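1. sequence unknown, structure follows:
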């Protein structure tokens, strides 16, 4: 698989995250879904966002997040009708207590 560049929590926007994911050669196209504005920065902890595979109908492999990122399948894809959606949640500060910013990457 391929890996995104480092994603900095509290400064990387959802729009930038979507662009990083779509730049991966192993991803056809995804949309990042969040209740916040796409121009808002990703919160440092316990923020959840969803990734919808918009061009891949059916079951797709799970994305893998580093550094305290948990990925769950929220909608299982079903060929040829349903797109898969996976959710990401940052459960901890990967760099440890006392750090205001954290980094993670996503592989697919």
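-> That came in fine, so what should we check first? As the structure is a computational prediction, the values presented were derived from the model and not from experiment.

2. Tell me where this protein has strands.
-> Using DSSP state E, the strands of the chain run over 7-8, 30-33, 48-57, 64-65, 69-75, 83-90, 103-104, 106-107.

3. which one of these lies closest to residue 40?
-> Nearest to residue 40, of all the strands of the chain, is strand 48-57, at 10.2 Å by C-beta to C-beta. From N, CA and C alone the C-beta is placed, and that goes for glycine too.

4. model confidence over that closest one, on average?
-> Mean per-residue pLDDT for strand 48-57: 90.

5. which residues sit against it?
-> 14, 17, 21, 27-34, 42, 60, 63, 74-75, 77-89 (C-beta atoms under 8 Å, 6 or more residues apart in numbering).

6. where's the lowest-mean-pLDDT helix or strand in the chain relative to the chain centroid, distance-wise?
-> One helix or strand of the chain scores below all others by mean pLDDT, DSSP states H and E: strand 103-104, with a mean of 80. Relative to its chain's centre, strand 103-104 lies at 11 Å (C-alpha atoms, centre = their mean, to the nearest Å).

7. Relative to that strand, what are the paired strands and their orientations?
-> Here strand 103-104 has these sheet partners by DSSP bridges: strand 7-8 (antiparallel).

8. Among the contacts of strand 48-57, name the buried ones.
-> Applying 16 or more other C-beta atoms under 10 Å to the contacts of strand 48-57, the neighbour count classes 14, 17, 21, 27, 30, 32, 42, 60, 63, 77, 83-88 as buried.

9. can you name the two of these that are farthest apart?
-> 42 and 77 (24.4 Å).

10. Please give me every residue in contact with residue 31.
-> 18, 51-52, 54.
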